[in-house]
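Colleague: Task: produce atomic coordinates for the following.
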Amino acid sequence: MNRSMEAHNFLSKKGYRVQSFGTGDKVKLPGAAPDRPNVYEFGTPYDDIYQDLLQKDRELYTRNGLLHMLDRNRRIKPHPERFQSTSEQFNLILTCEERVYDQVIDSLEGRDSQTTPVHIVNIEIQDNHEEATIGAFLMCDLVAMMANSDDLDNDIDEMLQDFEAKCQRPILHCLLFY
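Modeller: Numbers count the residues shown, from 1 in each chain. Next comes the predicted model:
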């Protein structure tokens, strides 16, 4: 929720058409203890999640940045969405973690029609506020490079190699038809 929404916010401000999704079964946010996360259904409004955490422990969730993150999120869209529940068609899907990259591929491979091409690219971004901001800048740089390509399908491999060397992060890529 942090990395994808930070990138969503940044990319949409740059004028790109963006959607962001989670891939888990539920929305899980850190709780008062590592073994007690706050768990919500996808579709639960960010306002409701914000108010719930505010009532549970305003000080804790202010200190750890969750209330700030949820405040940002609710200004971007009404509620978290699950990738596996959408039937949208995409040209490009960016992920921030290999596990999510794998879940996206699994989800798309399980769909009936396999005629629409999509580039799926993963940039490893740690799940903390600072890395989410850096990751949003990196994703914006990558999307700008892709948008400026006259033949993305032909240019993407070299483009990603150059980008990986520049940002010093592992990049995964596949072209999938779904």
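
Colleague: roughly how far apart are the residue nearest to Phe177 when sequence neighbours are not counted and Arg63?
Modeller: Closest residue to Phe177 apart from its sequence neighbours, by C-beta to C-beta, 6 or more residues apart in numbering: Gln114 at 4.6 Å. In short, each C-beta sits where N, CA and C put it, glycine included. Distance of Gln114 to Arg63, computed by C-beta to C-beta, to the nearest Å: 47 Å.

Colleague: do the same with Val39
Modeller: The span separating Val39 from Arg63 equals 21 Å under the rule C-beta to C-beta.

Colleague: more neighbours, the two?
Modeller: Val39 (13 against 10; other C-beta atoms under 10 Å).

Colleague: The residue nearest to that one when sequence neighbours are not counted - how many residues pack around it?
Modeller: Distances taken as C-beta to C-beta, 6+ apart place Lys26 nearest to Val39, at 5.0 Å, with adjacent residues excluded. Lys26 has 14 neighbours, counted by other C-beta under 10 Å.

Colleague: Return the residues in contact with Lys26.
Modeller: Under the criterion of C-beta atoms under 8 Å, 6 or more residues apart in numbering, the neighbours of Lys26 are 39-42.

Colleague: Would you show me how to pick out the buried ones of the residues you listed in ChimeraX?
Modeller: In ChimeraX, selecting the buried portion of the contacts of Lys26, with burial taken from 16 or more other C-beta atoms under 10 Å, looks like this:
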select :40,42
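
Colleague: could I get the contacts of Lys26 as CSV with secondary structure, distance to Cys96 and pLDDT?
Modeller: CSV is the format used below for these (DSSP: H, G, I helix; E, B strand; the rest coil; distance: C-beta to C-beta, whole Å; pLDDT from 0 to 100):
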residue, secondary structure, distance to Cys96, pLDDT
Val39, strand, 21, 97
Tyr40, strand, 20, 98
Glu41, coil, 22, 98
Phe42, coil, 18, 97
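
Colleague: Which of the contacts of Lys26 sits closest to Gln168?
Modeller: Phe42 (33.5 Å; C-beta to C-beta).

Colleague: Report the separation between Asp112 and Gln126.
Modeller: Going from Asp112 to Gln126 by C-beta to C-beta gives 36 Å.

Colleague: okay, now the domains of the protein?
Modeller: Taking the TED database as the criterion, the chain consists of the domains 3-21+82-177, 27-76.

Colleague: ends of the longest one, how far apart?
Modeller: Distance across domain 3-21+82-177, first residue to last, is 26 Å (C-alpha to C-alpha, to the nearest Å).
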